[in-house]
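Enquirer: Return a 3D structure for these sequence lines:
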Amino acid sequence: KIMLWTFLLFGLIGGIQRNRLNQQPLGPRLDLPTPTPSIQSTLKMFPIGTGTNNVTSTPSEIPQTATSTPQPACGGPAAMNILVVGSDARGDHYLYGLADAIRLVRVDFVNKRLAILEVPRDLWVDIPGISDHYNITQGKMNQAYLYGNKGLGYYHGPGEGPGLLARTLDLNLGAHPDHYLAVNMITFRNIVDAVGGIDVYLPYGISVRSKENPKGFAIPPGQHHIDGETALWIARIRQYNVFTRAENQNIVMCALRKKILSPAIVPAVPELITTFQRYVQTDFSPEQINQLACLASQIHGGDVVFASFPIELFKSVKQYDPQLKATTSILDADKNILRDYIDRFQQGVWPDPNLFIDTTPSPGNVDAEFACED
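Expert: Down below sits the predicted model:
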């Protein structure tokens, strides 16, 4: 997820020279079935932002007037849907590793907006294309990424881990990403350090112990300047639940966006280029990276909106995983309802672009939409 802003950086600073622009992807393209036309949903959507606009979102009749059709900015398409993955691989490779964070990103080149939707990694799903390996047909969403990468040798389709994860999202939720981007933990840490750290405001304190840090890790609420290792901890810890961890990741993402788009980034350019070019998975072409970079310079913080599915749609249950030969905790949900949310997300009508969005997340309201600050 964080790597999206690193991609945008290179176009802004000329990291990819214009005389080298081409449409050749940097990795294998996705090969998903052609999506079927969506049918108008009958599900009433409730805005989950904060403030005084807490009213039911219902369609209304709008008089049609003759207006010129807005053109996409920066030579891009009208919209682009991107699967963004944060891998928990410990090394500088993508042979193994679960999907520690999964986001669907909708880039609106016409209205110059960015919507980012968290997909729960523990959602139990059908996993296609690998049943000939140990009869694997189901698992957690984050396992699809692991099974697709080269280390296990289970999947031979395009896109490796991101490719199988995209197929899994398509099969279960109707998500149809156009492109993918994955980054591992070491790359993320190095990027934050390369830009000189980031400034984050934590609306709540963080305190947790883990196997990796048995002495504990604690940060009080308030403003902090943090390095890559600390940013990684904030993005990964699960102090309250999996949903508050997603909010922590969003806070870090906003902070990195602000730093990347600031003049202070210029001295870090050489190290960023070295870090970036070798250690990501993506099928973007140089031309598409420049389109995204061009758009990034025109997007305000309030137009970068983070959304989550309503928590009440999920229930935590125990499920036997034959691969692990153990019972594990999973999230279960009515996938038809999730499909409806995904369909509206991909159409650009959810989250509601006209809804007032707060800029401060709270652990007591973890499924509320919020936006980055400028």
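
Enquirer: you'd agree residue 73 is up against residue 109?
Expert: Yes: between residue 73 and residue 109 there is a contact under CB atoms under 8 Å: 5.1 Å. Heads up, the C-betas are built off the backbone N, CA and C, glycines and all.

Enquirer: Mutual contacts of the two, please.
Expert: Residues touching both residue 73 and residue 109 (CB atoms under 8 Å, 6 or more residues apart in numbering) are residue 295.

Enquirer: what about the two, which has more around it?
Expert: Applying other CB atoms under 10 Å to residue 73 and residue 109 shows that residue 109 carries more neighbours, namely 22 against 16.

Enquirer: Correct me if wrong: the more buried one contacts residue 70.
Expert: No: applying CB under 8 Å, one finds residue 109 not in contact with residue 70, separated by 9.6 Å.

Enquirer: Run through the stretch 101-250 of the chain and note the low-pLDDT ranges.
Expert: For the stretch 101-250 of the chain, applying pLDDT under 70 flags the ranges 210, 212, 239-242.

Enquirer: Report the beta-bridge partners for the most centrally placed residue in the chain.
Expert: In the chain, the C-alpha nearest the mean C-alpha coordinate belongs to residue 103, at 2.4 Å (CA atoms, centre = their mean). Note on residue 103: beta-bridge partners by DSSP bridges are residue 84, residue 118.

Enquirer: Now do the same contact list for it.
Expert: If you count contacts by CB under 8 Å, 6+ apart, residue 103 has them with 1, 83, 84, 85, 116, 117, 118, 119.

Enquirer: Cross-check the contact I'm expecting between the fifth one and residue 305.
Expert: So that's residue 116. Yes: Residue 116 is within contact range of residue 305, at 7.0 Å (criterion: CB under 8 Å).

Enquirer: Measure how far stretch 176-183 is from the centre of its chain, please.
Expert: In terms of CA atoms, centre = their mean, to the nearest Å, the centre of stretch 176-183 is found 9 Å from the chain centre.

Enquirer: which residues touch that stretch?
Expert: By CB under 8 Å, 6+ apart, the surrounding residues in contact with stretch 176-183 are 1-4, 6-7, 30, 32, 35, 80-87, 94, 104, 145, 159, 161-163, 165-166, 169-170, 191, 279-284, 288, 346.

Enquirer: Filter those residues down to the buried ones.
Expert: Applying 16 or more other CB atoms under 10 Å to these, the neighbour count classes 1-4, 6-7, 30, 32, 80-87, 94, 104, 145, 159, 161-163, 165-166, 169-170, 191, 279-284, 288, 346 as buried.

Enquirer: which residues in the stretch 251-374 of the chain form helices?
Expert: With DSSP state H, counting those that start in this stretch, the ranges of helices along the stretch 251-374 of the chain come out as 269-278, 286-296, 335-347.

Enquirer: mind saving the C-alpha coords of the longest one as PDB?
Expert: Spelled out, it's helix 335-347. Presented in PDB, the C-alpha positions along helix 335-347 are these (Å, rounded to 0.1, in the frame of the first residue of the first chain):
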ATOM      1  CA  LYS A 335     -20.000 -12.200   0.400                       C
ATOM      2  CA  ASN A 336     -22.900 -11.100  -1.700                       C
ATOM      3  CA  ILE A 337     -23.100  -8.000   0.600                       C
ATOM      4  CA  LEU A 338     -19.400  -7.400   0.200                       C
ATOM      5  CA  ARG A 339     -19.700  -7.800  -3.500                       C
ATOM      6  CA  ASP A 340     -22.200  -5.000  -3.500                       C
ATOM      7  CA  TYR A 341     -19.800  -2.700  -1.700                       C
ATOM      8  CA  ILE A 342     -17.000  -3.600  -4.000                       C
ATOM      9  CA  ASP A 343     -19.200  -3.000  -7.100                       C
ATOM     10  CA  ARG A 344     -20.000   0.500  -5.800                       C
ATOM     11  CA  PHE A 345     -16.400   1.100  -4.900                       C
ATOM     12  CA  GLN A 346     -15.300   0.300  -8.400                       C
ATOM     13  CA  GLN A 347     -18.000   2.500  -9.900                       C
END
